[in-house]
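Asker: 3D, please:
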Amino acid sequence: MKSSKSELINYWKQFSAENSKPVKEIDFNLVDRVARFFSPSIYYYYIFNFTTLRMEFVSDSYQSMTGLDRADFSLNRWLESIHPDEIDFVHQCEQVAGKFLFEFIPLDQIPRYKVSYTYKMRGPDDTYFQSLHQAIALSMTDNDTIGHVLGIETKIDQISKYPSKRISFLDLEGQENYLNIDVEHPTFDKINELPYGFTPQEMKIIELISLGHSSTEIAKMLFVSDHTIRTHRANILSKSPARNMTSLVADLFRQGYL
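Answerer: Next comes the predicted model:
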C-alpha cells in the first residue's frame with residue numbers, strides 16, 4: 001500500500017477519545033530524565049496528547065536537531081519530517097503498535113511497554129538521517145485509552161545507518177519482550193531471554209555505554225571498581241559476535257533490546 005499522512009492520522013483517530021481526560025498530571029522533570037535515559041545520542045522529545053491528537057510540548061533540542069522553530073512544532077510537522085519513502089513503513093509500524101497495545105495485551109499493561117522502530121528523518125538543509133523513534137504511554141484516560149505519549153527521536157547515524165524495518169515492544173518491567181517484529185507479517189512471540197547470554201548486570205553496563213558513559217563513570221554509578229567494569233566489558237564482547245562495543249550497541253538497537 002502507499003500511505004499518506006492523512007491516512008496515518010485517520011488511523012490514530014480510531015483510538016483517540018476527545019471526551020476523555022488523562023487520569024494523572026504529567027511530571028515534566030520525570031519526563032526529561034526518562035528521555036535522557038533512553039537516548040544514546042542527539043535527540044529531542046515531545047509530549048503528544050492522544051485524546052486530541054495534538055502536540056503539547058517539545059524540548060529545546062528540537063530546533064538544533066531539525067533546524068526548525070520549536071514554536072511551530074505540531075503533529076503535521078513531525079509527519080512532514082519523515083522521508084516520503086518511509087511514510088508507508090511508519091504507517092505499518094503504527095498499525096502493528098495499535099494491534100499490540102489495544103488488542104494483544106491487557107489495556108492496563110500499555111504503560112509498561114516502550115515502542116521502538118527506526119526511520120529516516122529530515123534534518124537541517126533538507127538532509128536525512130537515521131532516527132530511532134521511541135514512544136511510551138505516560139498516562140491513561142478514564143475511558144481506558146492512552147492519554148499522553150512521550151515520543152523520543154534520536155539521531156543514530158553513528159550507531160546504525162541502516163533501518164531495521166522492524167518494530168519492537170520492550171517491557172520496562174523486564175518480563176515479556178516482543179522484539180524485532182516483521183511489520184509485513186507481524187506475530188507477537190515473547191522473548192524473555194537476554195541476548196547472547198548476557199546477565200542483567202551486563203545489560204545494564206551496555207545500556208550505560210550506549211548513553212556515552214565511560215568505564216570510570218559506570219563504575220561510580222554501579223558502586224564497583226574500574227577493573228570490574230573492564231572485566232565485564234571483556235566478558236560482554238567475548239559472548240557476542242561483535243568486534244567492538246559500537247558494533248554491539250548498533251546490533252542491540254536493531255534487535256530492540258536498547
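Asker: which residue ranges form the strands in this protein?
Answerer: 43-49, 54-58, 113-122, 128-137, 148-155, 166-171, 178-182 (DSSP state E).
Asker: Rebuild those strands as CSV, extending it with mean pLDDT and distance to Met221.
Answerer: Backbone N, C-alpha and C define where each C-beta goes, glycine included. Formatted as CSV, the strands of the chain follow (pLDDT from 0 to 100; distance: least, CB to CB, whole Å):
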stretch, mean pLDDT, distance to Met221
strand 43-49, 91, 20
strand 54-58, 92, 28
strand 113-122, 92, 21
strand 128-137, 90, 22
strand 148-155, 90, 21
strand 166-171, 88, 21
strand 178-182, 87, 26
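Asker: would you turn those strands into TSV with mean neighbour count?
Answerer: Shown next, in TSV, are the strands of the chain (neighbours: other CB atoms under 10 Å):
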stretch	mean neighbour count
strand 43-49	21
strand 54-58	16
strand 113-122	22
strand 128-137	21
strand 148-155	22
strand 166-171	22
strand 178-182	18
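Asker: will you turn those into a markdown table that also has distance to Thr228?
Answerer: Formatted as a markdown table, the strands of the chain follow (distance: least, CB to CB, whole Å):
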| stretch | distance to Thr228 |
| --- | --- |
| strand 43-49 | 30 |
| strand 54-58 | 40 |
| strand 113-122 | 29 |
| strand 128-137 | 30 |
| strand 148-155 | 29 |
| strand 166-171 | 27 |
| strand 178-182 | 29 |
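Asker: And these: which comes nearest Val224?
Answerer: Smallest distance to Val224 across these (CB to CB): 25.4 Å, for strand 166-171.
Asker: Okay, now the sheet partners of that closest one, with direction.
Answerer: With DSSP bridges as the test, strand 166-171 is paired with strand 113-122 (antiparallel), strand 178-182 (antiparallel).
Asker: quick one: the helices in the stretch 1-150 of the chain?
Answerer: With DSSP state H, counting those that start in this stretch, the ranges of helices along the stretch 1-150 of the chain come out as 5-13, 28-37, 61-66, 75-80, 87-99.
Asker: Tell me which other helices or strands the third one touches.
Answerer: Contact partners of helix 61-66 among helices and strands, from 3 or more CB pairs under 8 Å, 6 or more residues apart in numbering; DSSP states H and E: strand 43-49.
Asker: CA atoms only for the strand it packs on - export them in CSV, please.
Answerer: Extracted C-alpha coordinates of strand 43-49, given in CSV (Å, rounded to 0.1, in the frame of the first residue of the first chain):
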residue,chain,number,x,y,z
TYR,A,43,17.7,13.7,20.5
TYR,A,44,14.6,15.7,21.1
TYR,A,45,11.4,14.6,22.8
TYR,A,46,7.8,15.7,22.9
ILE,A,47,4.5,15.0,24.6
PHE,A,48,1.6,14.0,22.4
ASN,A,49,-2.0,14.2,23.7
